[in-house]
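Visitor: give the three-dimensional model of this entry:
(chains A and B)
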Amino acid sequence: MHDELHRQIAQLVTDHADRANPPPVAAIRRRGRRRRARLAAVTAGVVLVLVAGALGVDRLTSRLTTLAPTPRSVTVFTPLDVKVHIGPFQGIDHPGMLERCVGDKVEVRAWAQVLGKIWLLAARPPPSGKNWICWSDSLREATGAGIIAEHGGPSDRLTLLQASHLATAGVAKSELSVIGGPVTKQATRLRIVPRTGRALDLVPFDAGPEFPVNFYAGFFLEPNKTNWMPERVIAYDKTGRRIAECWAATRDGNTCDRPKGAPQPP
Amino acid sequence: MRGDDDFEDFYQASYPRLVGQLTVMTGSLEDAEDAVQEAFARASTRWARLRAYEAPEAWVRRVALNLATSGLRRARRQLVALARLGAATAEPTQATDRLAIQAGLRRLPLRQRQVLVLHYGADLPVEEVARQLRVPTGTVKSRLARARAALGVHLEEGQEERGHAR
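Guide: This is a model prediction of the structure:
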């Protein structure tokens, strides 16, 4: 069976290789040079974003308490100071969000712009007498292309805390990531604990009386990794007591479980 | 070989092979070409150093894999959307068994697809696959075993579905 599998996969690779259409080497070299130039420009942009955040421009509803140094190239989890706007977003279409739920329209509850990309959080309140909601988060280019994750629905009972991790190519040698989701209204503070780098503290934003939960979102840069390892999210109440903990999941649905291979928390 | 010339030779020789491997891994020729082109673009600015490596292609493959992995983390989210849109249209130039393999691969988790493609598609020994993915050799072996088992199940299911459809 191994030989047959080997043969078929190798043939599949060859078939696709035959369809490859290499651009001229000069174009590849130009792309390399442009990338170098772009990295220099983007690094300057990140400096501006962080400085603006540190100076308190457009204070956040959900924001971090500390800022990491500006990355020349990101080697550790690096928090970003990003303003989360509460309310609908009209800038782009948002197809595909909340498709787990029957409904007429997508209700975007919060959004943010960060490093040229757009983060959206959409959610529907629970049906009367039910203990579940539908929610969806998305990280997109200005053109609308990007990632969507869907969560909740009738089979996903609400829990104290959920954590969805979206990531996309960001800047420098890094990925732009956002971890967010619903959290119990008892939580007044959350902490995203990375494997390396400084923890990101933030406060949830009020989802209003129609929701039994609030929401939160934390933005950061992290190095590109072949073997992605998750971050933990911890929710605290107003007395500082730890009330819930989740491993951020890069998939649809709801899970807080420690993924296989993830380190034991301290 | 010398300077710019040997980069071009290296590029021409390696590009199709890497695109083939990445396409099987990502399920998208477009995504694979984008990742491989970006990896070569990065290689072009470091060629003076890379050309001294024993296997510069391994470096390019690893960068392309990293880029594709980022893309696939996105793609994992998009699988739901793809399912809603229905199965991909069969390409008439490919034999049915390879289409079945390709469909089966698409149903495997990324990590299992990576080891299958690197081991069988790129002909890398288990130890080199482990180096490329930066995981222990034992992990590669267990992923290979699980991937083969899962692929077998998917192929059987596919045969049954085709049988019912007749």
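Visitor: what's the local residue count around the residue in the stretch 1-150 of chain A positioned nearest to chain B?
Guide: Here the stretch 1-150 of chain A gets closest to chain B at one residue, residue A:17, 3.1 Å apart by Cβ to the nearest Cβ. Using the backbone N, CA and C atoms, a C-beta is placed for each residue, glycine as well. For residue A:17, the count of nearby residues is 19 (other Cβ atoms under 10 Å in any protein chain shown).
Visitor: that one touches residue B:19, doesn't it?
Guide: Yes. Assessed by Cβ atoms under 8 Å, residue A:17 is found in contact with residue B:19 at 6.0 Å.
Visitor: tell me which element residue B:142 is part of?
Guide: Assigning secondary structure by DSSP states H and E places residue B:142 in helix B:137-165.
Visitor: what comes up buried for that helix?
Guide: Neighbour-count burial for helix B:137-165, counted by 16 or more other Cβ atoms under 10 Å in any protein chain shown, picks out B:139, B:140, B:143, B:144, B:147, B:148, B:150, B:151, B:154, B:155, B:158.
Visitor: which residues does the closest residue to residue A:86 other than its chain neighbours bridge with?
Guide: Leaving aside its sequence neighbours, residue A:86 sits nearest to residue A:110 (Cβ to Cβ, 6 or more residues apart in numbering or on different chains; 5.4 Å). Under DSSP bridges, the beta-bridge partners of residue A:110 are residue A:86, residue A:121.
Visitor: ranking helices and strands of chain A by mean pLDDT, which lands last?
Guide: Lowest mean confidence among the helices and strands of chain A (mean pLDDT, DSSP states H and E): helix A:25-54, at a mean of 71.
Visitor: ditto for chain B
Guide: Per mean pLDDT, DSSP H and E, helix B:56-85 ranks last in chain B, at a mean of 66.
Visitor: after it comes which helix or strand?
Guide: helix B:96-106.
Visitor: between that next one and helix B:137-165, how big is the angle?
Guide: 120 degrees (axes from the mean of the first three to the mean of the last three Cα atoms, to 10 degrees).
Visitor: so what does the next helix or strand after helix B:96-106 touch, helix or strand wise?
Guide: Next in sequence after helix B:96-106, counting helices and strands by DSSP H and E, comes helix B:110-116. Here helix B:110-116 touches helix B:3-26, helix B:56-85, helix B:126-133, helix B:137-165, going by 3 or more Cβ pairs under 8 Å, 6 or more residues apart in numbering or on different chains; DSSP states H and E.
Visitor: coming back round to it: partner strands of the helix or strand just after the least confident helix or strand of chain A, with direction?
Guide: Reading on from helix A:25-54 to the C-terminus, the next helix or strand found by DSSP H and E is strand A:78-79. Here strand A:78-79 is paired, per DSSP bridges, with strand A:213-223 (antiparallel).
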